[in-house]
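A.B. asks: I'll drop the sequence and a predicted model, then ask my questions.
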Amino acid sequence: MKRITVLGSSGSIGKQTLNIISKMKENVCIEGLAVGSNIKILKSQIKKFKPAAVSVNSPADAQNLKKWCISNNIKTDVYKGNTGLEKLTTMPKADMILAAIVGAAGLKPIIAAIKAKKDIAIANKEAIVMAGSYIMKLAAENGVSVLPVDSEHSAIFQCCTDEKKSHIKRIILTASGGPFYKYDKDFSKITVEQALDHPTWKMGRKITVDSATLMNKGLEAIEASVLFGVSINKVEIIIHPQSIVHSMVEYVDGSVIAQLSNPDMKLPIQYALTYPERLPSNIKPLNLIELNKLEFYNPDFKKFPCLNIAYYAAKKGYTVPAVMNAANETAVASFLNREIKFTDIAKIVERTVKTHKISKSTSLDTFIEADHWARHYAEKLIDEI
C-alpha cells in the first residue's frame, strides 16, 4: 500500500488525483492533504479519504477546521501556514508527495519533502524552472525519485526508461497550440474569457493562460531540460493540435520513440502514483483508425514571443529562469484581474528578464531572492501601464 500526501488537493490536478485514488483503494491511500483556502472542498475530501493530517494557509481557517473535525468526530490533525505545510510533507508514514501547488509557492514544500526522503510526483513545473538544478541535486543526494505528472514529461519519462542520456539526440515536446495558434485577429484585444477557453485540456486558470501565450510550453521545455539532464538545445517544440502524441524522444541511431493516448490527465497522474507498476485505467482507448490523422507544425516564435523568452532564459541559466517564471506569474495574475492586455504579458516578462542582473550562485536563497526581485519589478512595470 502506497501512502500519498497531495499538496494542492482542491486544484485541477489534486482533484483528479483523488478521483484516481478513490478507484485504487487496494494499492494507494491518502496520508495528507493541503489546500490554500478552499475549505469547503477540503471538508468533503476529509470525509471521504480520512487523512491523518491536513494543512491550510490561514490560522483562522485552521481553527475553524479543527472545531469542525471535533464536532464530526474526525481524527484528522490540522496544520496551518508554511510551517504546517512543511510538517505535512515530512510525515513519517507518507511514501510519496504529489506536488500540485501552483507556482513558486510549491518550492519550499518540495524541498522539505526531498530532505525527508519522500519520492516526489511533480505537477509543479514552476518549482523546477525556478530551482531545478538545486532540486535534482538534492533528490540525488537523498535517493529520492522525481516523477513527472505533466503529460508531456510523463511521456518523455516513459520513452527514456533505462536509456543513457548520451543516447538521446533530441526531445520533441508536443504542444496543442492553445486557443490562438490559428487566430488571425489582434492579440491585444484577446479577453480573459477567450484565453481561458482551451480547445483540449480543462485546467486551472493560470496554466490555461500560459497555454494561450505558449509560455506553458516554454516552461515545459526548461523542465524537460532539467528533469532529463539534456541541453535546452536538444529540446524541440512542435505543434500537434490533436494532443494524441504527448511527446517523443529521438535517439542517436535515428529511432524515435513516442507515447500516445487520448488526452486525459488521469493517465500520467496514475502512472506517477503507481510507478514502476502499471495498473488498468478507465481512460478511453486510443483508436487510430477512427482518429484518421495526426498533424504536426512548427511553432510561430514571432506570434508567441513567450517561447523565445523561455529559450533565452534557459540558455542564460542560473537565476534567469526563476526571474522569468516570477515575472510571468505576476503578469498572468494581472491579466486575469483585467489590469493589463494579453500582449502585455510577454512584454512585462521580457523587460524583467532583460533587466535582471544574473547571479551565478546556486544556493536556494539566491533563487528565492531572484524570484522576489522579479515580482517586485514586474509589479512596477504593471503600475506604469
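C.D. replies: Now that the structure is in, tell me what you want to look at.
A.B. asks: which one's the longest helix in the chain?
C.D. replies: Longest helix of the chain, by residue count under DSSP state H: helix 364-384.
A.B. asks: what are the buried residues along it?
C.D. replies: 364, 366-368, 370-371, 373-375, 377-379, 381-382 (16 or more other C-beta atoms under 10 Å). Where C-beta positions appear, they are placed from N, C-alpha and C, glycine not excepted.
A.B. asks: looking at these, which is nearest S37?
C.D. replies: Closest approach to S37 among the buried residues of helix 364-384 (C-beta to C-beta): R375, at 20.1 Å.
A.B. asks: could you redo the buried residues of helix 364-384 as CSV and give each row distance to V144 and pLDDT?
C.D. replies: CSV is the format used below for those (distance: C-beta to C-beta, whole Å; pLDDT from 0 to 100):
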residue, distance to V144, pLDDT
L364, 16, 94
T366, 22, 96
F367, 19, 96
I368, 21, 95
A370, 24, 97
D371, 23, 96
W373, 29, 98
A374, 28, 98
R375, 29, 98
Y377, 34, 99
A378, 32, 99
E379, 35, 98
L381, 38, 98
I382, 38, 98
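A.B. asks: which one is A221 nearest to, not counting chain neighbours?
C.D. replies: Leaving aside its chain neighbours, A221 sits nearest to V235 (4.7 Å; criterion: C-beta to C-beta, 6 or more residues apart in numbering).
A.B. asks: L307 contacts G218, correct?
C.D. replies: Yes. L307 lies in contact with G218 (C-beta atoms under 8 Å); the separation is 5.2 Å.
A.B. asks: which of these two has more residues huddled nearby?
C.D. replies: Ranked by neighbour count (other C-beta atoms under 10 Å), L307 and G218 place G218 first, with 32 against 22.
A.B. asks: what is the burial count for the residue nearest to A221?
C.D. replies: 22.
A.B. asks: now do the contacts for it.
C.D. replies: 170-171, 173, 221, 224-225 (C-beta atoms under 8 Å, 6 or more residues apart in numbering).
A.B. asks: swap in 10 Å and give it another go.
C.D. replies: 156, 170-173, 220-225, 228, 247, 311, 314 (C-beta atoms under 10 Å, 6 or more residues apart in numbering).
A.B. asks: give me the beta-bridge partners of the residue nearest to H167 when sequence neighbours are not counted?
C.D. replies: Sequence neighbours aside, Y251 is the residue nearest to H167 in space, at 5.1 Å (criterion: C-beta to C-beta, 6+ apart). Beta-bridge pairing for Y251 (DSSP bridges): I168.
A.B. asks: where does Y251 land on pLDDT?
C.D. replies: pLDDT, Y251: 98.
A.B. asks: mind listing what it touches?
C.D. replies: Residues in contact with Y251 (C-beta under 10 Å, 6+ apart) are 159-160, 163-164, 166-170, 257.
A.B. asks: what do you get if the cut-off is 8 Å, keeping everything else the same?
C.D. replies: Neighbouring residues of Y251 by C-beta under 8 Å, 6+ apart: 163, 167-169, 257.
A.B. asks: list only buried entries from those residues.
C.D. replies: For the contacts of Y251, buried by 16+ other C-beta under 10 Å: 168-169, 257.
A.B. asks: and of the residues you listed, the nearest to S243?
C.D. replies: I257 (18.1 Å).
A.B. asks: for the closest residue to that closest one other than its chain neighbours, the count of nearby residues, please.
C.D. replies: Nearest residue to I257, sequence neighbours excluded (C-beta to C-beta, 6+ apart): C159, at 4.3 Å. C159 is flanked by 22 other residues according to other C-beta under 10 Å.
A.B. asks: who's in contact with C159?
C.D. replies: 247-249, 257-259.
A.B. asks: of the residues you listed, buried ones?
C.D. replies: 247-249, 257-259.
A.B. asks: among those residues, which lie within strands?
C.D. replies: If you go by DSSP state E, those have 247-249, 257-259 in strands.
A.B. asks: got JSON lines for those, with distance to F180 too?
C.D. replies: Below are those laid out as JSON lines (distance: C-beta to C-beta, whole Å):
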{"residue": "S247", "distance to F180": "22"}
{"residue": "M248", "distance to F180": "24"}
{"residue": "V249", "distance to F180": "28"}
{"residue": "I257", "distance to F180": "30"}
{"residue": "A258", "distance to F180": "26"}
{"residue": "Q259", "distance to F180": "26"}
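A.B. asks: quick one: buried residues of stretch 31-47?
C.D. replies: 31-36, 38-39, 41-43, 45-46.
A.B. asks: no no, stretch 179-188
C.D. replies: Here stretch 179-188 shows 179-181, 187 as buried, counting by 16+ other C-beta under 10 Å.
A.B. asks: Throw the residues you listed into a markdown table and include distance to I289 and pLDDT, thanks.
C.D. replies: Converted to a markdown table, the buried residues of stretch 179-188 look like this (distance: C-beta to C-beta, whole Å; pLDDT from 0 to 100):
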| residue | distance to I289 | pLDDT |
| --- | --- | --- |
| P179 | 28 | 93 |
| F180 | 31 | 95 |
| Y181 | 26 | 92 |
| F187 | 38 | 96 |
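A.B. asks: and of those, the nearest to P51?
C.D. replies: Closest approach to P51 among those (C-beta to C-beta): P179, at 36.6 Å.
A.B. asks: okay, that closest one and M265: tell me how far apart.
C.D. replies: Separation of P179 from M265 (C-beta to C-beta, to the nearest Å) stands at 18 Å.
A.B. asks: then A314?
C.D. replies: For A314, the distance to M265 - C-beta to C-beta - is 25 Å.
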